[in-house]
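1. when you get a sec, could you give me coordinates for this:
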Amino acid sequence: MITTDQTVRTFLEFFRDRGHELTPSSSLIPPPGDPVLFTTSGMHPLTPYLMGTPHPLGSRLTGLQRCLRTTDLDEIGDDTHLTVFEMLGSWSLGDYDGPRSLRWGYELLRDGFSIRPDRMHVTVFGGDHEVDPDHRSWETWSDLGVPIEPTTHDNWWSNGPIGLCGPDSEIFVWTGPESPHGTPTTDDRWVEVWNHVMLTYLRHEDGTLQPLPRPSIDTGLGLERLVRILQSQPSVHNIDILHPWRTLLPQTWGPLDEPSLRLLTDHLRSTIVILSDGITPSPTGRGYVLRRLIRRTLTTLWHTNPTHTLTDLPFELFEHTLDRFRQPSDPTDIRTLLFDEERKFTQLLDRGRKVLSQNRFNGPLTPEQYRYLHDTHGLPSDLIGYLRVENNTDTGESSSQPNLR
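-> Next comes the predicted model:
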């Protein structure tokens, strides 16, 4: 069975053999001027070079980048999503074109990773009122004999409302036990593993598209999703690099149901990586995302047993995660920051319980009461909901245990 590390080496060596230079992994904090809160793909550190600035390593690049996507938080626990993950990438900075990138992608998946062609499906940009269909990608995949599904919005990539954009072509691999059928938009057993973006335009504030004088290619392959397929696992949570978490968390906190185990593993790994990139919990911005992750972790953990604490978390899981994401932070320092946030959250819960025990907060709360609790006592609405369900207050709210979001 191919390991995650072997998968990385195979990918990077493939592109190194084709003249690509290796770029170092960057922080989760994107460069100044980038509109995203966190680095969500390997292209973010390369934005200036994709815009035309010469890169010191040349016009062909490859690398492995740690990424974080907050848009997938509600998907955590399914078979394909992780909050913090790694993305393999290849880039042509005005060098080769889209068809060459697609042919190399097909070659690597088929020959380098032994994925059968009949288990692949692709999507291409089918055109809209502004831009014609991506005929060149369509013709390339037709020549290779891979089935094609055209879409519009799903195959148009942009880095926000303004900036770089263009059509993309996504490669999907079938993960069902039976013979492949359907298409990527009709059957979710087709899992997207690799996106090839043809950065062809620059969108201005007035919405107009300006063709780039030097189009570039940006590709991103989800490492954990590919490894799941190569290791024939039912989900990304079962691949080799997550085995220590799936083994040690139940040993530490006793039996955990599968949804709780997946969420605890994902959020704790993400928390360690974010803290190690110099971000600390706060009420706004990146720090707020971190705080949400920690609070969702704690409410999930306490739902299984209210006496559990993050101070029980094995030290080796901190070491394993920092090593996986190539971060030089001291595990002891990261543990201290995490435990301090648990202490603050515990104090906030204790204060909230006392406030909400007052008679005037019995029954459904008004918008004015929510504002008062937030502005005066620092209790956000999601935390209020958690405490009221915890106390089994007759509020008309759901009786299920919420995770703070």
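2. what number of residues lie near residue 60?
-> Counted by other CB atoms under 10 Å, the residues lying close to residue 60 total 19. No exception for glycine: its C-beta is placed from N, CA and C like everyone else's.
3. what are the phi and psi angles of it?
-> phi -120, psi 120 (degrees, to the nearest 10).
4. nearest residue to it other than its sequence neighbours?
-> Distances taken as CB to CB, 6 or more residues apart in numbering put residue 20 closest to residue 60, at 4.3 Å, once the chain neighbours are dropped.
5. and for residue 145?
-> Per CB to CB, 6+ apart, closest to residue 145 is residue 117, 6.7 Å.
6. pretty sure that neighbour contacts residue 146?
-> Yes - Residue 117 is within contact range of residue 146, at 6.6 Å (criterion: CB atoms under 8 Å).
7. neighbour count winner among these two?
-> Shown here are residue 117 and residue 146; by other CB under 10 Å, residue 146 has more neighbours (18 against 12).
8. is that one in a helix, a strand, or coil?
-> Classification of residue 146 using DSSP: H, G, I helix; E, B strand; the rest coil returns coil.
9. so what's the residue count around residue 166?
-> Applying other CB under 10 Å, we find 26 residues neighbouring residue 166.
10. secondary structure element holding residue 217?
-> Using DSSP states H and E, residue 217 maps to strand 209-222.
11. swap in residue 91?
-> Element membership for residue 91 (DSSP H and E) is strand 84-92.
12. that strand pairs with which strands, parallel or anti?
-> Taking DSSP bridges as the criterion, strand 84-92 forms sheet pairs with strand 60-68 (antiparallel), strand 209-222 (antiparallel).
13. for those strands, which one sits closest to residue 136?
-> Nearest to residue 136 among the strands paired with strand 84-92 is strand 209-222 (11.3 Å), distances taken as CB to CB.
14. contacts for that closest one next, please.
-> Under the contact criterion CB atoms under 8 Å, 6 or more residues apart in numbering, strand 209-222 has outside partners 11, 41-43, 46, 50, 52, 85, 87-94, 96-98, 101, 105, 130-131, 164-166, 192-204.
15. one step back: identify the residues contacting the residue nearest to residue 145.
-> With the criterion set at CB under 8 Å, 6+ apart, residue 117 makes contact with 106, 110, 144, 145, 146.
16. got the confidence number for it?
-> We note a pLDDT of 96 for residue 117 in this prediction.
17. from residue 106, how far out is it?
-> Distance of residue 117 to residue 106, computed by CB to CB, to the nearest Å: 8 Å.
18. intersection of neighbour lists for these two?
-> With CB under 8 Å, 6+ apart as the test, residue 117 and residue 106 both reach 144, 146.
19. from the contacts of strand 209-222, which would you call buried?
-> Among those, those classed as buried by 16 or more other CB atoms under 10 Å are 11, 41-43, 46, 50, 85, 87-94, 96, 98, 101, 105, 131, 164-166, 192-203.
20. for the most far-flung residue of the chain relative to its centre, phi and psi?
-> Each residue of the chain has a distance to the centre, and by CA atoms, centre = their mean the biggest one is for residue 359: 43.1 Å. The phi and psi values for residue 359, taken as degrees, to the nearest 10, are phi -60, psi -30.
21. where does the stretch 151-300 of the chain dip in pLDDT?
-> Nowhere does the stretch 151-300 of the chain drop to pLDDT under 70.
22. that one: strands as residue ranges?
-> Assigned by DSSP state E, counting those that start in this stretch, the stretch 151-300 of the chain shows strands spanning 156-158, 163-174, 190-203, 209-222.
23. okay if I get those as CSV plus distance to residue 390?
-> Output for the strands of the stretch 151-300 of the chain, formatted as CSV (distance: least, CB to CB, whole Å):
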stretch, distance to residue 390
strand 156-158, 42
strand 163-174, 42
strand 190-203, 37
strand 209-222, 37
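24. of all those, which lies closest to residue 65?
-> Residue 65 lies closest, by CB to CB, to one member of these: strand 209-222, at 8.4 Å.
25. burial measure for the closest residue to residue 116 other than its chain neighbours, as a count.
-> Counting by CB to CB, 6+ apart, residue 110 is the residue found nearest to residue 116 once chain neighbours are left out, at 7.7 Å. Residues lying near residue 110 (other CB under 10 Å) number 15.
26. confirm residue 110 sits in a strand?
-> No - counting by three-state DSSP, residue 110 falls outside a strand, being helix.
27. that older thread, and the residue nearest to residue 60, how far from residue 113?
-> Taken as CB to CB, the span from residue 20 to residue 113 is 18 Å.
28. kindly report the same for residue 222.
-> 13 Å.
29. of the two, give the one with the bigger neighbour count.
-> residue 222 (23 against 18).
30. tell me what that one is bridged to.
-> Counting by DSSP bridges, residue 222 is bridged to residue 87.
31. how about residue 210?
-> According to DSSP bridges, the partner residues bridging residue 210 are residue 202.
32. run a quick check on residue 146 versus residue 119, I expect a contact.
-> No - using CB under 8 Å, residue 146 is not in contact with residue 119, being 10.3 Å away.
33. wait, residue 285 touches residue 37, no?
-> Yes - Residue 285 is within contact range of residue 37, at 6.9 Å (criterion: CB under 8 Å).
34. neighbour-wise, which of these two wins?
-> The neighbour comparison of residue 285 against residue 37 (other CB under 10 Å) goes to residue 37, with 16 against 10.
35. part of a helix, is that one?
-> No - going by three-state DSSP, the assignment for residue 37 is coil, not a helix.
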